[in-house]
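K.L.:
Next come a sequence and a model predicted from it.
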Amino acid sequence: MYNHTGLVVNDLERSKRFYQEVFGFKSWYEITPPDDPTAKLTCLAPPLRVTASYLTLDHFVLELMHYGAPGATAPFRPRTMNEPGLTHLSISVDDVRATAERVAEFGGQIIEESDVGAAILVRDPDGQLLELLPLAYRGSLPPKP
């Protein structure tokens, strides 16, 4: 069973506000796990001072992870859509263009050159790629098995 998807963020409050205000995520709970087991699980050297905030949208759970110790977060590096690994999150919205404008209003970036009319890519305030699709797109897909 699917559990959650995690994103590292530089400013936890800004990111919570972004995902809640732009997409309607709801706050679920927040934890500050101890450094030693967190460092072991993540294969990182302490100190880390992680705070993990869990948000939900429908059945999707997004974990926003903030590393509070100085130097614990690696610098941002833009990823492209053809790199192996997680490339983007896709979110269906009522109005693609209006939502893209809200992304910019809350500290994200619209990638105008990706605009194909019915869909567009944006970046959240930390650079994570998000694909905005109209709600009707989901209805055009085959039924889930």
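P.N.:
Looks like it arrived, so ask away.
K.L.:
give me every residue that touches residue 28.
P.N.:
By CB atoms under 8 Å, 6 or more residues apart in numbering, the contact list for residue 28 reads 54-56, 61. Backbone N, C-alpha and C define where each C-beta goes, glycine included.
K.L.:
If you rank every helix and strand of the chain by mean pLDDT, what lands last?
P.N.:
helix 135-139 (a mean of 84; mean pLDDT, DSSP states H and E).
K.L.:
Please list the residues outside it that contact it.
P.N.:
Residues outside helix 135-139 that contact it (CB under 8 Å, 6+ apart): 92-94, 118-119.
K.L.:
Equivalent analysis for stretch 85-102, please.
P.N.:
By CB under 8 Å, 6+ apart, stretch 85-102 touches 5, 21-23, 57, 62, 79-81, 110, 118-122, 128-135, 137-138.
K.L.:
What's the mean pLDDT across the top helix by length along the chain?
P.N.:
Across the chain, the longest stretch assigned as helix under DSSP state H is helix 12-23. Computed over helix 12-23, the mean pLDDT rounds to 98.
K.L.:
Going by neighbour count, which of the contacts of residue 28 are buried?
P.N.:
54-55, 61 (16 or more other CB atoms under 10 Å).
K.L.:
List buried residues within the contacts of helix 135-139.
P.N.:
Here, 16+ other CB under 10 Å leaves 92-93 buried among the contacts of helix 135-139.
K.L.:
So among the contacts of helix 135-139, where is pLDDT lowest?
P.N.:
Within those, pLDDT is lowest for residue 118, at 91.
K.L.:
tally of neighbours for residue 145?
P.N.:
Number of residues near residue 145 (other CB atoms under 10 Å) recorded here: 3.
K.L.:
Output the contacts of residue 28 in JSON lines, with secondary structure and pLDDT appended to each entry.
P.N.:
Listed next are the contacts of residue 28 as JSON lines, based on DSSP: H, G, I helix; E, B strand; the rest coil; pLDDT from 0 to 100:
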{"residue": "54", "secondary structure": "strand", "pLDDT": "98"}
{"residue": "55", "secondary structure": "strand", "pLDDT": "98"}
{"residue": "56", "secondary structure": "strand", "pLDDT": "98"}
{"residue": "61", "secondary structure": "strand", "pLDDT": "98"}
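K.L.:
Done for today, thanks.
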